[in-house]
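**Student:** I would like the atomic coordinates for the input below:
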Amino acid sequence: MNPIQIINLLNVPRIGPHRVKKILAHLNQDQNPFEASIKDLRAIKGIDARAAEQIRSYRGLDFGTRELAQAKNQGISVVTYWDDSYPLLLKKIYDAPVLLYIKGQPLKEKEDCVAIVGTRRFTPYGKSAAQTIAKDLASRNISVVSGLARGIDTIAHKTAVQTGGRTLAVLGSGLDVIYPGENRRLAEDICQKGTLISEFPLGTQPDRGNSPRRNRIISGLSHATVVAEAGNRSGAFLTALNAVDQNRDVFAVPGRINDLQSVGANRLIRNGATPVSSGAEIIRDINPRLFHPLQPVKKSIFIELTDQEQLILEVLGQDPVHIDALAHSVDMDITSLLEILLKLELKNAVQQIGGKQFVRA
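**Tutor:** Next up is the predicted model:
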């Protein structure tokens, strides 16, 4: 897909990544969406007359060209949802970014990552726990993902770098706006083996409203999210909830019952998160799902499938498929299809992710 056209589409007011995906999936790969007719645009599900008119009347077509040139000058590249290097785990979430700005080392399609997040106002206990877990993971070739924020995020990144491992930092700003400022040197160090990542255009300033979009990427890149220390309304707590919605594992470092900095982590444990004290414990749990398992995995057991179940599995792959599109492809009504999908989930053959979408397990 043409990154310039994607950047321009994302710059059209009130279009957004979800609509951009629908537009580009509907049109031919060599078709310019800005040259498509109103009729063709309106034929796309989710594109109403107003949205079609906004695309046709968009006059900032040089924006994408200038953005790519500016990025190249700063050593920043872009990866689109359709590129081979787009992370497979991130592609599986419901609202995966259409385009990522990256700096440092290239992204990998199949990369084993674990997110470590937590409060900005950490205690010595939280710092020690984050360091232990990050060191355990990085020393075993598990990439550590976090958000470059003050506190636990910074500790996780620094520990991974010092261990000689790879770490991915997801920013809530443009990659040319490193925040907080004191982490500029850390950002440079990360780029030696790891990668800086952002969904936001160059020049985007850090803003509280950007955090939810950043947080879903942190959890979306990862097999699991670890909350090292978090208050009740911490952004780390919300990142863990994103992981739950994305059907990923959640771990939390248990804290003292009267410690305000552990309220969020303890609450997660009460609601099903796995208590954890080391990276080895995390690897033990997620090892069967790693792209590159670190321990022997039991051989797959043959699953007996009906003709209908086999048909569904032939349609499903690694890219998420919405229930409506799946029903159309296999020519089944939604009720019957959901019953079969439930049976396939119980057989660990398919996996449901957010937004009524399914992938092959």
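**Student:** Give the full set of residues in contact with Pro3.
**Tutor:** By CB atoms under 8 Å, 6 or more residues apart in numbering, the residues touching Pro3 are 64, 68, 78, 80, 99. Where C-beta positions appear, they are placed from N, C-alpha and C, glycine not excepted.
**Student:** can you put the residues you listed in CSV and add distance to Ala49?
**Tutor:** Below are the contacts of Pro3 laid out as CSV (distance: CB to CB, whole Å):
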residue, distance to Ala49
Gly64, 25
Leu68, 31
Val78, 31
Thr80, 27
Leu99, 26
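**Student:** Just these: which are in helices?
**Tutor:** 64, 68 (DSSP state H).
**Student:** packing partners for the lowest-mean-pLDDT helix or strand in the chain?
**Tutor:** Lowest by mean pLDDT, DSSP states H and E among the helices and strands of the chain is strand 350-353, with a mean of 80. Packing partners of strand 350-353 (3 or more CB pairs under 8 Å, 6 or more residues apart in numbering; DSSP states H and E): helix 334-346, strand 357-360.
**Student:** and it, which residues are buried?
**Tutor:** 350-353 (16 or more other CB atoms under 10 Å).
**Student:** and the spatially most central residue of the chain, what are its phi and psi?
**Tutor:** Residue closest to the average C-alpha location in the chain (CA atoms, centre = their mean): Gly220, at 2.6 Å. With angles defined as degrees, to the nearest 10, Gly220 sits at phi -70, psi -30.
**Student:** quick one: pLDDT of it?
**Tutor:** Per-residue confidence at Gly220 stands at 97 (pLDDT).
**Student:** Look up how far Ala96 lies from it.
**Tutor:** 7 Å (CB to CB, to the nearest Å).
**Student:** Residues in contact with both of these two, list them for me.
**Tutor:** Leu90.
**Student:** can you give me the helices for the stretch 1-150 of the chain?
**Tutor:** 3-11, 16-26, 38-42, 49-56, 63-73, 88-91, 124-138 (DSSP state H, counting those that start in this stretch).
**Student:** quick one, which of those is nearest to Glu199?
**Tutor:** helix 16-26 (8.1 Å; CB to CB).
**Student:** How far away from the center of its chain is that closest one?
**Tutor:** Relative to its chain's centre, helix 16-26 lies at 18 Å (CA atoms, centre = their mean, to the nearest Å).
**Student:** Quick one: mean pLDDT for that helix?
**Tutor:** 88.
**Student:** and what of stretch 189-196?
**Tutor:** Averaged across stretch 189-196, pLDDT comes to 98.
**Student:** what's it in contact with?
**Tutor:** With CB under 8 Å, 6+ apart, stretch 189-196 has contacts from 102-107, 143, 148, 157, 160-161, 164-169, 171, 175, 187.
**Student:** Kindly report the same for stretch 117-135.
**Tutor:** Under CB under 8 Å, 6+ apart, the answer for stretch 117-135 is 116, 144, 146-147, 149-153, 155-156, 159-160, 163, 215, 218, 225-231, 234-236, 239-240, 253, 255, 259, 261-262, 264, 276-279, 282.
**Student:** Would you map the strands across this structure?
**Tutor:** For the chain, the strands defined by DSSP state E cover 76-80, 99-104, 113-118, 143-146, 167-170, 195-198, 224-229, 249-252, 274-275, 321-322, 350-353, 357-360.
**Student:** who does the second one touch, helix- and strand-wise?
**Tutor:** Under the contact criterion of 3+ CB pairs under 8 Å, 6+ apart, strand 99-104 touches helix 3-11, strand 76-80, helix 184-193, strand 195-198.
**Student:** May I have the first one exported as PDB, CA atoms only?
**Tutor:** What that stands for is helix 3-11. C-alpha atoms of helix 3-11 as PDB (Å, rounded to 0.1, in the frame of the first residue of the first chain):
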ATOM      1  CA  PRO A   3       2.200   5.100   2.500                       C
ATOM      2  CA  ILE A   4       1.700   8.600   1.200                       C
ATOM      3  CA  GLN A   5      -1.900   7.900   0.500                       C
ATOM      4  CA  ILE A   6      -2.400   6.300   3.900                       C
ATOM      5  CA  ILE A   7      -0.800   9.300   5.600                       C
ATOM      6  CA  ASN A   8      -3.100  11.600   3.600                       C
ATOM      7  CA  LEU A   9      -6.200   9.600   4.400                       C
ATOM      8  CA  LEU A  10      -5.400   9.600   8.100                       C
ATOM      9  CA  ASN A  11      -5.100  13.400   7.800                       C
END
